[in-house]
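Enquirer: quick one, what's the 3D model for this:
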Amino acid sequence: MEKLGLIAGNGRFPILFAKGARDNKVPIIAVGIFNETSPEIEQYVEKLYWVGVAQMGKLIKIFKDEHITKAVMAGGLTKTNMFSSWRNLRFLPDLRTINLWYRNVKKRDDHSLLGAVADELLKDGIELQNSTLYVPQLLAQKGILTKKQPTEKEMEDVQIGWPIAKEIARLGIGQCIVIKEKVIVAVEALEGTDEAIRRGGSLGKSDIVVIKVSKHDFDPRFDIPSVGLETIKTLKEASASVLALEAGKTLILDIEETIKAADQANIAIIGL
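Expert: Below is the predicted model:
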């Protein structure tokens, strides 16, 4: 069977994807990102290489040497590092990355950046695939996914907050908001979902409702938002009562364990 390339970011998703591919007997050549990718992924792939976060040229050379024509991008990157005072020394960008960053990317939002990466890969005959290729079972389904049911008041907050969250996502600001009693108390930006939830919990005190959506120009190759056990832990710490997700466009990592943990924390998960 043809080998598949995997560009592995942080979090659990790259590991779960690699497991899914292995279960389907698909050999994976993975490229991990220093200080981002978990070394655990090595257990589930045929080969694992390491590159810096700004070494696009090296990544492409690895795939070409391995005769990779199709690849998947899974997992995120720590976005706050992009404003490090020593970022040029820390990331040691290669020439291809420099050209991509300064010449090909007009905006700095995730969709534009990752789309440019996909285009750059395609120049060398490497086509990015849907990132849920071997893990479709992790996509959130419609309906209430937990035993815990949301209250009528909480559902009102979801209905009010949903179009606001979608607009925030459309503007490229973030994909998560926190609402309580019809008041938006936190909006995700560069800091990521968990920090937005923590801030919302600090301001809302208790029973906050968290809404996480996909982008308006959703691209299943790299735009899929995800939640998991760490999200539930953060929600519990923030005294959240509801997590509303976009069905069919959001991954629930370790889905059975995550839903069980939500029930134990008395948190309702809803797919809309």
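Enquirer: how about low-confidence regions in the stretch 101-250 of the chain?
Expert: Applying pLDDT under 70 to the stretch 101-250 of the chain flags residues 104-111.
Enquirer: and the helices in the stretch 51-200 of the chain?
Expert: With DSSP state H, counting those that start in this stretch, the ranges of helices along the stretch 51-200 of the chain come out as 56-65, 87-91, 95-99, 110-123, 152-170, 193-204.
Enquirer: tell me which of those sits nearest to residue 232.
Expert: Of all the helices of the stretch 51-200 of the chain, it is helix 193-204 that lies closest to residue 232, at 10.4 Å by C-beta to C-beta. For every residue, glycine as well, the C-beta is placed using N, CA and C.
Enquirer: okay if I get the helices of the stretch 51-200 of the chain as a markdown table plus mean neighbour count and distance to residue 142?
Expert: Converted to a markdown table, the helices of the stretch 51-200 of the chain look like this (neighbours: other C-beta atoms under 10 Å; distance: least, C-beta to C-beta, whole Å):
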| stretch | mean neighbour count | distance to residue 142 |
| --- | --- | --- |
| helix 56-65 | 19 | 37 |
| helix 87-91 | 13 | 41 |
| helix 95-99 | 16 | 40 |
| helix 110-123 | 17 | 25 |
| helix 152-170 | 17 | 13 |
| helix 193-204 | 20 | 21 |
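Enquirer: count of neighbours near the closest residue to residue 200 other than its chain neighbours?
Expert: Spatially, and ignoring its direct neighbours in sequence, residue 200 is nearest to residue 178 (2.8 Å; C-beta to C-beta, 6 or more residues apart in numbering). Counted with other C-beta atoms under 10 Å, the neighbours of residue 178 add up to 28.
Enquirer: re the thing from before, got CSV for the helices of the stretch 51-200 of the chain, with distance to residue 24 too?
Expert: Converted to CSV, these look like this (distance: least, C-beta to C-beta, whole Å):
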stretch, distance to residue 24
helix 56-65, 20
helix 87-91, 34
helix 95-99, 31
helix 110-123, 22
helix 152-170, 31
helix 193-204, 29
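Enquirer: closest one to residue 35 among those?
Expert: With respect to residue 35, and counting by C-beta to C-beta, the nearest of those is helix 87-91 at 9.2 Å.
Enquirer: what sits against residue 114?
Expert: With contact set as C-beta atoms under 8 Å, 6 or more residues apart in numbering, residue 114 has these partners: 73, 219, 221-223.
Enquirer: among the residues you listed, name the ones in strands.
Expert: Secondary-structure check on the contacts of residue 114 using DSSP state E: residues within strands are residue 73.
Enquirer: out of the contacts of residue 114, who's nearest residue 132?
Expert: Out of these, the member with the shortest distance to residue 132 (by C-beta to C-beta) is residue 221, at 9.7 Å.
Enquirer: which stretches of the stretch 1-150 of the chain form strands?
Expert: Along the stretch 1-150 of the chain, the segments classed as strands by DSSP state E, counting those that start in this stretch run 4-8, 28-33, 47-51, 70-74, 127-128, 143-144.
Enquirer: describe which strands the last one pairs with in its sheet and in which direction.
Expert: For strand 143-144, sheet partners with direction are given as strand 268-271 (antiparallel), following DSSP bridges.
Enquirer: name the surrounding residues that touch the strand it pairs with.
Expert: The contact list for strand 268-271, computed with C-beta under 8 Å, 6+ apart, reads 140-146, 148-150, 154, 158, 241-247, 250, 252, 259, 262.
Enquirer: for that strand, output the C-alpha coordinates as CSV.
Expert: Taking Å, rounded to 0.1, in the frame of the first residue of the first chain, the C-alpha atoms of strand 268-271 are listed here in CSV:
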residue,chain,number,x,y,z
ALA,A,268,-23.3,18.6,29.0
ILE,A,269,-21.8,18.2,25.5
ILE,A,270,-24.1,19.2,22.6
GLY,A,271,-23.5,18.8,18.9
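Enquirer: off-centre distance for that strand?
Expert: Relative to the centre of its chain, strand 268-271 is centred 18 Å away, using C-alpha atoms, centre = their mean, to the nearest Å.
Enquirer: buried ones in that strand?
Expert: 268-271 (16 or more other C-beta atoms under 10 Å).
Enquirer: burial count for residue 136?
Expert: Counted with other C-beta under 10 Å, residues neighbouring residue 136 total 11.
Enquirer: tell me the contacts of it?
Expert: Counting by C-beta under 8 Å, 6+ apart, residue 136 makes contact with nothing.
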